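Student: I would like the atomic coordinates for the input below:
(one chain, ligands or ions: 1)
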Amino acid sequence: MASVSFVDVQHSYPHAIRPTLVDIDWTIRAGEFAVLYGPPGSGKSTLLRVLAGLEAPTGGAVFRGDLDITRMPAPDRDIVMALDSYALYPHLSVADNLGFVLRLAGLSSEEIEQRVAQAAEQLELTEVLASAPAALTSAQRHRVALGRALVRRPSVLLLDEPLNQLGEEDHEQVREQIRTLQAALRITTIYATSSQDDAQALSGGTMAVLDKGRLTVPVREGTAAP
Ligand SMILES: Nc1ncnc2c1ncn2[C@@H]1O[C@H](COP(=O)(O)OP(=O)(O)OP(=O)(O)O)[C@@H](O)[C@H]1O
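Tutor: As a prediction, the model looks like this:
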């Protein structure tokens, strides 16, 4: 768990008419669950990708704790973006999907087994560890996608519209699970969404709002308004 900060971050895609991100200043405290709300095209994915190291800012800096990570390669950042459920390997079991990235990282079979079992328990997937993704409900597939990020035990977890493809009932259930899990694990999390319902349900009313690349951050309790 670590705090993260954007300091005066700017971003423009090559040949774009307008910048994607303008003067972004935002600090998310260690262990906090932050909601990033904004309409489609407002720059949410780009902001998360800049933090994850998948996109270089054209100005400013990003920090993890006190460390300037602006130029640090993505795999070294300890900041993980959960991919959506369509990115599961269809030919691998749930257990192998969960353990895949750990195997690539060279962890021992024992460590992989232990982390997979723990993530499966936290996400109520123990019963389906041997199943193929196609045999799961869409809510379960979403939880596997989330589990693949959690087994890495990152300092910071980034969720980019993680519930997009879910029906209403599953949507609320998985949303609640994400919140409960985050509260238990205390992983610093940024949850990006263009759904006002999600933003309100998850933030208790406080959320950072991105509009055309400009971010409005709520004033924290105990912080004097400027
Ligand atoms: N690789 C790219 N090259 C050029 N422009 C891009 C690229 N990716 C995104 N954009 C543009 O940058 C702007 C911000 O896109 P971004 O995906 O960050 O927003 P978003 O809020 O995540 O939107 P969505 O919810 O639709 O994913 C949009 O105008 C988009 O068209």
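Student: neighbours around the residue lying closest to G53 once chain neighbours are set aside, how many?
Tutor: Spatial nearest neighbour of G53, chain neighbours left out: A74 (3.3 Å); criterion: Cβ to Cβ, 6 or more residues apart in numbering. Yep, even glycine has a C-beta here, placed from its N, CA and C like the rest. A74 has 15 neighbouring residues, counting by other Cβ atoms under 10 Å.
Student: near the ligand, which residues of the chain show up?
Tutor: Within the chain, the residues that sit near the ligand (Cβ under 6 Å from any ligand atom) are Y13, A16, T20, G38, P40, G41, S42, G43, K44, S45, T46, S194.
Student: returning to what we had before: any idea how far the ligand is from the residue nearest to G53?
Tutor: 16 Å (Cβ to the nearest ligand atom, to the nearest Å).
Student: pLDDT weak spots in this protein?
Tutor: Low-confidence segments of the chain (pLDDT under 70): 85-86, 205, 221-226.
Student: which parts of it are strands?
Tutor: With strands called from DSSP state E, the chain shows them at 4-11, 21-28, 33-37, 59-64, 67-68, 79-82, 156-160, 188-193, 208-211, 214-216.
Student: can you lay out those as TSV showing mean neighbour count?
Tutor: Formatted as TSV, the strands of the chain follow (neighbours: other Cβ atoms under 10 Å):
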stretch	mean neighbour count
strand 4-11	20
strand 21-28	19
strand 33-37	23
strand 59-64	18
strand 67-68	12
strand 79-82	23
strand 156-160	23
strand 188-193	25
strand 208-211	18
strand 214-216	16
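Student: quick one: contacts for the closest residue in space to R148 that isn't next to it in sequence?
Tutor: Excluding its sequence neighbours, the residue lying closest to R148 (Cβ to Cβ, 6+ apart) is L98, at 5.9 Å. Shown in contact with L98 (Cβ atoms under 8 Å, 6 or more residues apart in numbering): R115, V116, A119, A120, L125, L129, V144, G147, R148, V151.
Student: which one of these sits closest to the ligand?
Tutor: Distance to the ligand, by Cβ to the nearest ligand atom, is smallest for R148 among the contacts of L98, at 20.4 Å.
Student: and the protein, what are its domains?
Tutor: With domains defined by automatic domain parsing, the chain comprises 1-75+155-165+188-219, 79-153.
Student: the last one: end-to-end distance?
Tutor: It stands for domain 79-153. 9 Å (Cα to Cα, to the nearest Å).
Student: between the domains of the chain, which gets nearest to Q182?
Tutor: The minimum distance between Q182 and the domains of the chain falls on domain 1-75+155-165+188-219, with 5.1 Å, by Cβ to Cβ.
Student: can you show me the helices along this structure?
Tutor: 44-52, 94-104, 109-122, 138-150, 168-185, 196-203 (DSSP state H).
Student: quickly list what the most centrally placed residue in the chain is bridged to.
Tutor: The centroid of the chain falls nearest to L158 when counting by Cα atoms, centre = their mean (1.5 Å). Beta-bridge pairing for L158 (DSSP bridges): M81, I190.
Student: for Y13, see how far away the closest residue to H91 other than its chain neighbours is.
Tutor: Setting aside the residues directly before and after it, H91 is nearest to A132 in space (Cβ to Cβ, 6+ apart), at 7.4 Å. Using Cβ to Cβ, to the nearest Å, A132 is found at 38 Å from Y13.
Student: thinking again about what came up before, tell me the one of the residues of the chain next to the ligand nearest L104?
Tutor: The nearest member of these to L104, counting by Cβ to Cβ, is S45 at 24.2 Å.
Student: my guess is the residue nearest to the centre of the chain contacts L83. True?
Tutor: No. The pair L158 and L83 does not pass the contact test of Cβ atoms under 8 Å, sitting 10.4 Å apart.
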